[in-house]
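Asker: I'll drop the sequence and a predicted model, then ask my questions.
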Number of protein chains: 2
Amino acid sequence: MKRSDRLVAITNYLVDNPMELTSLPFFSSTYNAAKSSISEDLTIINKMLQQEGIGYLESTSGASGGVKYVPSYSKENSERFIQRLRTQLEDPNRLLPGGYLFMSDLLGEPSTVRAIGRLFATAFSDMEIEVVVTVATKGIPIAYAVASFLNVPVVIVRRDPKVTEGSSVSINYVSGSSRKIQTMVLPKRSLQEGAKVCIVDDFMKAGGTINGIRDLLSEFNAEVKAIGVLAEAEDEEEERVVEQYTSLVKISNVDVKNKHIEVSKGNLFE
Amino acid sequence: MKRSDRLVAITNYLVDNPMELTSLPFFSSTYNAAKSSISEDLTIINKMLQQEGIGYLESTSGASGGVKYVPSYSKENSERFIQRLRTQLEDPNRLLPGGYLFMSDLLGEPSTVRAIGRLFATAFSDMEIEVVVTVATKGIPIAYAVASFLNVPVVIVRRDPKVTEGSSVSINYVSGSSRKIQTMVLPKRSLQEGAKVCIVDDFMKAGGTINGIRDLLSEFNAEVKAIGVLAEAEDEEEERVVEQYTSLVKISNVDVKNKHIEVSKGNLFE
């Protein structure tokens, strides 16, 4: 196969299989080229991925060595994306009673969700995360986006047990904003003991939900390595119960009466 | 920029922006090359995408013309993927009381979900679908995967209204398997009047849920162009109420007592 053909094929392969170590002999035999030619291809691909600000190739030498694509977002791409998101979120028509923000349209755009996933994956890429955990419903697309870049599975905590999940572990917790007792459920066979996980969600006020997930995960002896929320907002009624987390945007000065809202960069950019 | 560099960059751009028409002048100015060179690049990329069985480039001429990447799965790739899925689903340990199948682990793998999305996108690519609709919870990852390849937004029907969604339209329907009256809700501002949609879900027995979604969508005068379900199974208690649909696998002869199950190819392959 010619170099030009190989470059297209290998780029595709790597981008479609992020964080997966592939050996040079695999590329050699698949694309019928000498290892030295494949090495040169990978040098070109690595240079271009970095130039486009979407990641880089990591090489490991030795018998079990190979190359893997580490997706990441350059500072410039990240800033540009968050700037656009802030402008979109500051639209006063998004304000809902209770100081909530309508975000379903943005979270319905696959390209926006993928960019959010890429940002979290960039932040969490060296934490050896094995599973991405979220709670139904709005965190699900974000969780899949993060997981696709980290190349790990997603586990979804539910508010109600389902017959199609088999036996499960459940906990009760008090929601910060509504002060109601709520339930969270995770099927027993969905998570291995001691897994290293990150938790992601779309919105965090006091953090009651995230804390609930953490309690539930402790039943599985899971190790929570990172917490990521798309938007954090202050809760006037309750102090924050989650301390270590990464947010992409921060919502403040919500004034439902005068239809005003401020959206600034989250702590990822601090 | 050199051809080898451009091939990597343009491949990345196209694969990251499926179904989006991009003009040749955009590539010319972004990668600093003559239109004729870009044309040659695109010919190479198109050839390789087809050779790898993951889609093709579609060119439109004229002033508003350009090129777009149409993701699709070759027959060979599709068959190979479904064969693997069938083997995985036939594992008797997946059987749950009531003849349900534990699939959360497979639906938790981003690469599996992406392949499912690619298959549906291939089947629906010429239907001019504007929105992918699903119902919480298990259909959500599949919906995003389909939507990412079709480059359209996702709208999620819920079983319960949420304060963070604003005013909404709801309907009641009778679930086939439980015979219970259930509710479905869609926020008013989530879907435009007359949108062309496809409905996707993970599992269909009699089809009561899909029918419920269809009823709800008719309140928005939406045009249901296609229905896709990952797995269809027979319901002994009720006749199927949905006729036109695309399934990837078919579950039959479920014998909970003897822990036996058969999984065959869905009607997509007929």
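Answerer: Cool, got the structure. Numbering: from 1, shown residues only, chains lettered A, B, ... in the order given.

Asker: What pLDDT does the model give A:Gly176?
Answerer: We have a pLDDT of 64 for A:Gly176.

Asker: Also the one 3 residues further on?
Answerer: Reported pLDDT at A:Arg179 in the predicted model: 73.

Asker: And A:Glu165, by the same measure?
Answerer: In this model, A:Glu165 carries a pLDDT of 73.

Asker: could you list every residue that touches the closest residue to it other than its chain neighbours?
Answerer: Spatially, and ignoring its direct neighbours in sequence, A:Glu165 is nearest to A:Pro187 (4.0 Å; CB to CB, 6 or more residues apart in numbering or on different chains). All C-beta spots, glycine's among them, are computed from the backbone N, C-alpha and C. Residues near A:Pro187 by CB atoms under 8 Å, 6 or more residues apart in numbering or on different chains: A:Glu165, A:Gly166, A:Ser167, A:Ser168, B:Phe102, B:Ser104.

Asker: Would you confirm that the fourth one contacts A:Pro161?
Answerer: Read it as A:Ser168. Yes. Under the criterion of CB atoms under 8 Å, A:Ser168 makes contact with A:Pro161 at 5.4 Å.

Asker: chain center to stretch A:194-203, what's the gap?
Answerer: Centroid separation for stretch A:194-203 versus its chain: 9 Å, with CA atoms, centre = their mean, to the nearest Å.

Asker: avg pLDDT for that stretch?
Answerer: Mean predicted lDDT for stretch A:194-203 stands at 97.

Asker: got the buried residues for it?
Answerer: Across stretch A:194-203, burial judged by 16 or more other CB atoms under 10 Å in any protein chain shown covers A:Ala195, A:Val197, A:Cys198, A:Ile199, A:Val200, A:Asp201, A:Asp202, A:Phe203.

Asker: which one among those residues gets closest to chain B?
Answerer: Within the buried residues of stretch A:194-203, proximity to chain B (CB to the nearest CB) peaks at A:Phe203, which comes in at 7.6 Å.

Asker: Buried residues, the longest helix seen in chain A. List them.
Answerer: In chain A, with assignment by DSSP state H, the single longest helix is helix A:35-52. For helix A:35-52, burial by neighbour count (16+ other CB under 10 Å) applies to A:Ser37, A:Ile38, A:Glu40, A:Asp41, A:Leu42, A:Ile44, A:Ile45, A:Asn46, A:Met48, A:Leu49.

Asker: Quick check: closest non-adjacent residue to the last one.
Answerer: By that I understand A:Leu49. A:Gly55 (5.0 Å).

Asker: Identify the bridge partners of the one you found.
Answerer: A:Gly55 has the following beta-bridge partners by DSSP bridges: A:Pro71.

Asker: Now do the contacts for it.
Answerer: Neighbours of A:Gly55 in contact, by CB under 8 Å, 6+ apart: A:Pro18, A:Leu49, A:Tyr69, A:Val70, A:Pro71, A:Ser72.

Asker: Identify the contacts common to A:Ser168 and A:Pro161.
Answerer: A:Val185.

Asker: Closest to the centroid, which residue in chain A?
Answerer: A:Val146 (2.9 Å; CA atoms, centre = their mean).

Asker: ok so that one is a helix residue?
Answerer: Yes. When DSSP: H, G, I helix; E, B strand; the rest coil is applied, A:Val146 is found to be in a helix.

Asker: need the next SSE after the helix-or-strand element of chain A with minimal mean pLDDT, C-terminal direction.
Answerer: When each helix and strand of chain A is scored by mean pLDDT, DSSP states H and E, strand A:100-101 comes last, with a mean of 82. The element immediately downstream of strand A:100-101 (helix or strand, assigned by DSSP states H and E) is helix A:104-107.

Asker: is whichever helix or strand comes after that following helix anywhere near chain B?
Answerer: Once the chain leaves helix A:104-107, the next helix or strand it forms, by DSSP H and E, is helix A:110-124. Yes. Applying CB under 8 Å from any CB of the partner chain, one finds helix A:110-124 in contact with chain B at A:Pro110, A:Ser111, A:Val113, A:Arg114.

Asker: Give me the residues contacting the least confident helix or strand of chain A.
Answerer: So strand A:100-101 is contacted by A:Leu89, A:Arg94, A:Leu95, A:Phe203, A:Ala231, A:Ala233, A:Ile251, A:Ile261, B:Val163, B:Thr164 (CB under 8 Å, 6+ apart).

Asker: 10 Å - rerun?
Answerer: Residues outside strand A:100-101 that contact it (CB atoms under 10 Å, 6 or more residues apart in numbering or on different chains): A:89-91, A:94-95, A:177, A:202-203, A:205, A:231, A:233, A:251, A:254, A:256, A:261, A:263, B:162-166.

Asker: Ok, stretch A:72-85 next?
Answerer: A:18, A:49-56, A:103, A:106, A:112, A:115-123, A:125, A:149, A:230-231, A:248-249, A:263-266, A:268-269.

Asker: Just the buried residues of those residues.
Answerer: Judged by 16+ other CB under 10 Å, buried ones among the contacts of stretch A:72-85: A:18, A:49, A:54-55, A:103, A:106, A:112, A:115-123, A:125, A:149, A:230-231, A:248-249, A:263, A:265-266, A:268-269.

Asker: for A:Thr22, phi and psi?
Answerer: In terms of degrees, to the nearest 10, the main-chain angles of A:Thr22 are phi -120, psi 140.

Asker: For it, grab the count of nearby residues.
Answerer: Using other CB atoms under 10 Å in any protein chain shown, A:Thr22 has 16 neighbouring residues.

Asker: ok, it touching A:Asp16?
Answerer: No. A:Thr22 lies out of contact with A:Asp16 (CB atoms under 10 Å); the separation is 11.1 Å.

Asker: Contact partners for A:Ser37?
Answerer: Applying CB under 10 Å, 6+ apart, the residues near A:Ser37 are A:Met1, A:Arg3, A:Arg6, A:Phe27, A:Ser28, A:Tyr31.

Asker: What of A:Glu52?
Answerer: Here A:Glu52 is in contact with A:Ser74, A:Asn77, B:Val8, B:Ala9, B:Asn12, B:Tyr13, B:Asp16 (CB under 10 Å, 6+ apart).

Asker: and whichever strand or helix holds A:Leu216, what does it pack onto?
Answerer: Per DSSP H and E: A:Leu216 is located in helix A:208-218. Contact here means 3 or more CB pairs under 10 Å, 6 or more residues apart in numbering or on different chains; DSSP states H and E; on that basis helix A:208-218 packs against strand A:131-135, helix A:139-150, strand A:154-157, strand A:168-174, strand A:181-187, strand A:196-204, strand A:223-233.

Asker: hmm, try it at 7 Å
Answerer: Contacts defined by 3 or more CB pairs under 7 Å, 6 or more residues apart in numbering or on different chains; DSSP states H and E place helix A:208-218 against strand A:131-135, strand A:168-174, strand A:181-187, strand A:196-204, strand A:223-233.

Asker: ok, now which ones touch A:Asp41?
Answerer: A:Arg3, A:Arg6, A:Leu7, A:Ile10 (CB atoms under 7 Å, 6 or more residues apart in numbering or on different chains).

Asker: Please repeat the previous calculation with a cut-off of 8 Å.
Answerer: A:Arg3, A:Arg6, A:Leu7, A:Ile10, A:Phe27, A:Ala33.

Asker: And A:Leu268, by the same measure?
Answerer: Taking CB under 8 Å, 6+ apart, one finds A:Ser78, A:Leu119, A:Ala123, A:Thr246, A:Ser247, A:Leu248 in contact with A:Leu268.

Asker: any idea of the pLDDT on it?
Answerer: 97.
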